[in-house]
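Chemist: give me the fold of what follows.
(2 chains)
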Amino acid sequence: MSLIRAEQLVKTYRAGEVDVPAVKGVEFTIDVKSFVAFVGPSGSGKTTLLNMIGCLDHPTSGKLSVLDTDVGSLNRRAAANFRGLHIGFVFQEFNLIPVLTVYENIEYPLIMVQDWPAEKRRKQIMRLLESVNMSEQANKRPDQISGGQKQRVAVARALATDPQLVLADEPTANLDHDTAYRIIELMKKMRDELGTTFVFSTHDPKIMGEAEVIFTLDDGRLHANAGNKEAIHA
Amino acid sequence: MLNVLKIALRNLARFGRRTLLTSTLITLGIVSVLLFIAVAGSFKAMMISQFTDAVLGHLEVHRKGYVASIDTLPLNLNMKPAAVERVEQALKKLDAVEAYSTRVKIGAMFSNFTETTSIRINGIDPQAEVATTPMLPGRIVGGSKQGPVLKRGEILIPQLLERGMNVKVGDTIVLVATNRDGSVNGKTFTVRGIVESVTGPSGRDGYIQIDDARELLRMKEAEVSEIAIRLKNPAQLDQVYAQLSKELTGTTTKGGNAGTAATANQSGSAGTAGAASKGGDGGGGLEVHTWADLSPFASLARMIDLLTLFIKIMLVSIVLVSIMNVMVMAVYERIREIGTIAAIGTPPRKILSLFLAEGLLLGVGGTALGTAIALAAIYALNIWKLTFDFGQQHGLVLSPAIRAADVVIVAVLVVIMALLASLQPAWKASRMDPVTALGHV
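Modeler: Now for the predicted structure:
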């Protein structure tokens, strides 16, 4: 069962007088509960693609369907609403809110994006803190924890509202290899526990091997053997 | 909402130094404005009472045209007994009236038997006059303080004549006046005391008993030049003015306000109401005047009000500029953060409210602190009892006071300005494109 479907997806940016194509007619399908990586060098269009899937950016042409919704047609408010309901985000630089504690960062989407009752909220946060092994750091501020811990908190925050999809743009780029590996393992574990689809981008060959499905992007186009992990690692 | 405020508060604490500087600026602004309003208001109220309690009363009734010719103290524009009685009946019906005093005003010649000069004589009923202008006894600087301020055959002379004519308490002098028929009459008086002028050393007003004045003018009837009125509560001035004008003249037309904001309880409307006689007031109508219509200090009072307004505008500008500056910086420094919260689905209106809350808290914090300091300073000034001189009055004690309404107006104004100043940066934050914001370095 497909969660994301892209057909002839094109994204072109305007830089002054020049049109700069970032994504050039890609087509792919991502199934529910899959663990997918978009790989490729810098500037290959990974982030642009993730932004479009995450309703942060609109395709220039083509069709992009997420959870049977044509996300390209959503206006600003509807897109924010869609993200809040269905998508979690993990960022390369963690992007935790510095004035909130670990607990409050995970709580943030439950209060500001959705409106969960206090007790349900507390249970969810405690469960996630335990899952990402951050229970003991719950009252610390982001500047009091390590990079790896920050990314674990970010994963917990992304999963707080029980989204069907989590998008992670270069989630390990600012981490050492061991920590990066543990984050990917954590994401995979959360996929197994919660059934959430994880889509992440990376250019780290060691990390990309952890994905179950790999789409290789090069200059805005999907590699011919995209989605075939064996072909990539052959 | 509580969570929005909590996050806003923490963001303010995160940029502690900037928050402190801005809130200090707002606090200082509030303190300055409230202190100014309190001190200027106190000064204004005191100055107004110097006129109303010493000379004018809060309201005066004249025959129509008298005030326009007041420099010549025209005897032909005195009120006849029937008109006086009509005014007295009207005054007795008004609960707000504390006292009133009938006066006969005369332009006379004053002689100490060697020199002669001009003098403006107020013929008064001492008891009624003191009830209407209670500061009169305090203005008498020489002579006996015992008994009534004046007896028949006695005169209170202005300091100007005491010094210029070398007249002492107990001396005999002669007043010479021309009555309305043109005949000249004279009468000797004993100097009972020396009276300070309210307006300065050039004052030429003296006092004799009203019966002596009528005798000096050989009046056949108990005519009156003016009736001064004291109110129980000066704040009722406009209301009593309207009632009295309607009763005496059939109109409540006003000329404009002399003072409002700083001391409403002492403010007066510069108004004159006049109309045709209802009969028996001497061939013309009656006019009702407020103190402000009769005193040049009314324009000074208006200037104090204008100054207060100007200071308020300055405060509003300070708040507007400083909070807008802080909020613009807050948005600029947190673009990536805004991108993050927008990306995870925070609705634009909540992003807007986050930044508005920061501005609101800055405004409320600065206002609360500023108000507390200002009220403490006003309290301290009242304990300290600062004194100053005004005209012939020395050692006047400054008693700054501020109405709750003024505090509320200033506080609400500042908080509204804080919100308005935050609106543009907050709006900008809420409309930010998440992709651009996340990519901001």
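Chemist: could you export the host helix or strand of A:I214 as CSV, CA atoms only?
Modeler: A:I214 belongs to strand A:213-218 when assigned by DSSP states H and E. The C-alpha atoms that make up strand A:213-218 are tabulated as CSV, following Å, rounded to 0.1, in the frame of the first residue of the first chain:
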residue,chain,number,x,y,z
VAL,A,213,14.7,1.2,0.2
ILE,A,214,17.2,3.6,-1.4
PHE,A,215,16.4,6.2,-4.0
THR,A,216,19.5,7.7,-5.6
LEU,A,217,19.3,11.2,-6.9
ASP,A,218,21.7,12.8,-9.3
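Chemist: show residues contacting whichever helix or strand comes after that strand.
Modeler: As assigned by DSSP H and E, the chain's next helix or strand after strand A:213-218 is strand A:221-222. Residues outside strand A:221-222 that contact it (C-beta atoms under 8 Å, 6 or more residues apart in numbering or on different chains): A:K24, A:G25, A:V26, A:E27, A:F28, A:G45, A:F215, A:T216. Heads up, the C-betas are built off the backbone N, CA and C, glycines and all.
Chemist: which pair of these spans the longest distance?
Modeler: Greatest spatial distance among the contacts of strand A:221-222 (C-beta to C-beta): A:G25 and A:T216, at 15.5 Å.
Chemist: let me see the mean pLDDT of the strand holding A:I214.
Modeler: Mean pLDDT, computed over strand A:213-218, is 91.
Chemist: just stretch A:173-191 next, same as before
Modeler: Regarding stretch A:173-191, the rounded mean pLDDT is 85.
Chemist: three-state assignment of A:E93?
Modeler: coil (DSSP: H, G, I helix; E, B strand; the rest coil).
Chemist: burial check on the closest residue to A:L100 other than its chain neighbours, number of neighbours?
Modeler: The spatially closest residue to A:L100, leaving aside those adjacent along the chain, is A:Y108, at 6.4 Å (C-beta to C-beta, 6 or more residues apart in numbering or on different chains). A:Y108 has 21 neighbours, counted by other C-beta atoms under 10 Å in any protein chain shown.
Chemist: which residues of the stretch 201-350 of chain B lie near chain A?
Modeler: By C-beta under 8 Å from any C-beta of the partner chain, the residues of the stretch 201-350 of chain B that approach chain A are B:336-337, B:339-348, B:350.
Chemist: apply 7 Å and report the result again.
Modeler: B:R336, B:E337, B:T340, B:A342, B:A343, B:I344, B:G345, B:T346, B:P347, B:P348, B:K350 (C-beta under 7 Å from any C-beta of the partner chain).
Chemist: among those, which pair sits farthest apart?
Modeler: For these, and using C-beta to C-beta, no pair is farther apart than B:R336 and B:P347, which are 19.0 Å apart.
Chemist: so which residue of chain B comes closest to chain A?
Modeler: In chain B, no residue comes nearer to chain A than B:G345, which is 2.5 Å away by C-beta to the nearest C-beta.
Chemist: what's the weakest-modelled helix or strand in chain B?
Modeler: In chain B, no helix or strand scores lower on mean pLDDT, DSSP states H and E than strand B:272-274, which sits at a mean of 53.
Chemist: so what are the sheet partners of the very next helix or strand once past that strand and their directions?
Modeler: Where DSSP H and E defines the elements, the next helix or strand beyond strand B:272-274 is strand B:286-290. Strand pairing for strand B:286-290, determined by DSSP bridges: strand B:59-63 (antiparallel), strand B:272-274 (antiparallel).
Chemist: low-confidence ranges in chain A?
Modeler: When residues are selected by pLDDT under 70, those of chain A lie in A:224-234.
Chemist: what's stretch B:30-42 in contact with?
Modeler: With contact meaning C-beta atoms under 7 Å, 6 or more residues apart in numbering or on different chains, stretch B:30-42 is reached by B:262-263, B:304, B:307-308, B:311-312, B:315, B:366-367, B:370-371, B:373-374, B:377-378, B:398-402, B:406-407, B:410, B:414.
Chemist: again, only this time at 8 Å
Modeler: Against stretch B:30-42 from outside (C-beta under 8 Å, 6+ apart): B:261-263, B:304, B:307-308, B:311-312, B:315, B:366-367, B:369-371, B:373-375, B:377-378, B:381, B:398-402, B:406-407, B:410-411, B:414.
Chemist: swap in stretch A:127-144?
Modeler: In contact with stretch A:127-144 (C-beta under 8 Å, 6+ apart) are residues A:94, A:96-103, A:105-106, A:126, A:145, A:149-150, A:152-153, A:155-156, A:159-160, A:186, A:189-190, A:193.
Chemist: again, only this time at 6 Å
Modeler: The contact list for stretch A:127-144 (C-beta atoms under 6 Å, 6 or more residues apart in numbering or on different chains) reads A:L96, A:P98, A:T101, A:V102, A:Y103, A:I106, A:I145, A:K150, A:R152, A:V153, A:V155, A:A156.
Chemist: who's in contact with the residue in chain A that chain B sits nearest to?
Modeler: Nearest residue of chain A to chain B (C-beta to the nearest C-beta) works out as A:G84 at 2.5 Å. By C-beta under 6 Å, 6+ apart, the contact list for A:G84 reads A:V113, B:G345.
Chemist: repeat that for 7 Å
Modeler: Neighbour list for A:G84: A:V113, A:Q114, B:G345 [criterion: C-beta under 7 Å, 6+ apart].
Chemist: please, which helix or strand holds it?
Modeler: helix A:76-86.
Chemist: list the buried ones in that helix?
Modeler: Of all the residues in helix A:76-86, those buried under the rule 16 or more other C-beta atoms under 10 Å in any protein chain shown are A:A79, A:A80, A:N81, A:F82, A:R83, A:G84, A:H86.
Chemist: what segments of the chain are helices?
Modeler: Answering for chain A, as no chain was given. A:46-53, A:76-86, A:102-108, A:118-131, A:147-159, A:177-194, A:205-208, A:229-233 (DSSP state H).
Chemist: wrong one, I was asking about chain B
Modeler: Counting by DSSP H, the helices of chain B are B:2-14, B:16-51, B:81-92, B:126-132, B:136-139, B:159-164, B:210-216, B:237-249, B:291-294, B:297-333, B:335-343, B:348-384, B:404-430, B:434-438.
Chemist: quick one: mean pLDDT for the fifth one?
Modeler: Translated: helix B:136-139. For helix B:136-139, the mean pLDDT works out to 86.
Chemist: with just CA atoms, put it into PDB.
Modeler: C-alpha atoms of helix B:136-139 as PDB (Å, rounded to 0.1, in the frame of the first residue of the first chain):
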ATOM      1  CA  LEU B 136      -8.900  85.500  52.500                       C
ATOM      2  CA  PRO B 137      -8.000  85.600  56.200                       C
ATOM      3  CA  GLY B 138      -4.700  83.900  55.400                       C
ATOM      4  CA  ARG B 139      -3.900  86.700  52.900                       C
END
